[in-house]
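In: Give me coordinates for this.
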Amino acid sequence: MEKIVIATGNKHKVEEYKAFFEDAEVLSLKDIGFTADIEETGETFFDNAFIKAKAVSDFLAEFGDDAAVIADDSGLCIEALDGEPGVRSARYASDHNKELNRKAVLEKMKGKKNRKAYFICVLVKLYPNGEYISAEGRTYGTILTKVAKNADQAFAYDSIFKSDDLGKPFSESTIEEKNSVSHRIRAMKRLLEIEEEMKSI
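Out: Residues are numbered from 1 along each chain as shown. All right, here's what the predicted structure looks like:
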């Protein structure tokens, strides 16, 4: 059975990966005792995902652990704002303060007719031998003019993003609904496709 470490401390994200990679042993950073802070200094989503994957892979190598590492970086990209917040999504107005970040987006979007946007997730799977593959997933929608319901419980920008697939804000969707069309799940599916394509070469 393949062993995969997910480079995140978010238990909900780890559960999502476990459900998807059901034929693998999926471990969290907590499971392997990794407690260091990883600075996401990259200029692209790929850069940040690779930085995280490499930090965890190096940690595993110190103990001779041959697990693969999957890391991701994701964000919200708005057409009318030239792709902002982009890689700065978590720190757009304030570091990981979703309320202030949402406010900043809504303020900048005042009067904008074009409200097209998408969430993007870039995954990197880094193998113990140093080789890696990368995959991208997107989910499209529009930016609302005000915060939708369940904002306090919702993730980041979910309460100001209306999904094209679901026809409603992510914050008003069930976890199952959101996961079925999410940028992360689409990136995961693409990652598996790439692995299968590599096996057939």
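
In: Only the buried residues of the helix or strand of the chain with the lowest mean pLDDT, if you could.
Out: The weakest-scoring helix or strand in the chain, judged by mean pLDDT, DSSP states H and E, is helix 11-20 (a mean of 87). The neighbour-count check on helix 11-20 (16 or more other Cβ atoms under 10 Å) flags Lys13, Val14, Glu16, Tyr17, Lys18, Phe20 as buried. Heads up, the C-betas are built off the backbone N, CA and C, glycines and all.

In: Just give me how far the helix or strand just after that helix sits from the chain centre.
Out: Counting by DSSP states H and E, the next helix or strand C-terminal to helix 11-20 is strand 25-27. Here the centre of mass of C-alpha atoms in strand 25-27, compared against the chain's by Cα atoms, centre = their mean, to the nearest Å, lies 18 Å away.

In: Asn150: what secondary structure?
Out: coil (DSSP: H, G, I helix; E, B strand; the rest coil).

In: neighbours around the residue nearest to it when sequence neighbours are not counted, how many?
Out: Nearest residue to Asn150 in three dimensions, chain neighbours excluded: Ser171, at 4.4 Å (Cβ to Cβ, 6 or more residues apart in numbering). Neighbours of Ser171 under the rule other Cβ atoms under 10 Å: 23.

In: Checking Ser171 next. Helix, strand or coil?
Out: Recorded secondary structure, Ser171: helix (three-state DSSP).

In: I figured it hits Lys146, correct?
Out: No: here Ser171 lies out of contact with Lys146, judged by Cβ atoms under 8 Å, at a distance of 12.0 Å.

In: For this protein, give me the ranges with low pLDDT.
Out: For the chain, no stretch has pLDDT under 70.

In: cutoff 80 now
Out: The chain contains residues with pLDDT under 80 at 94-96, 153-154, 200-201.

In: what residues are up against the residue positioned nearest the centre of the chain?
Out: Nearest to the mean C-alpha position of the chain, counting by Cα atoms, centre = their mean, stands Ser74 at 3.7 Å. The neighbours of Ser74, taking Cβ atoms under 8 Å, 6 or more residues apart in numbering as the test, are Phe45, Ser89, Phe119, Ile120, Cys121, Val122, His183, Arg184.

In: what two of these have the greatest distance between them?
Out: Farthest-apart pair in the contacts of Ser74 is Ser89 and Arg184; separation 13.6 Å (Cβ to Cβ).
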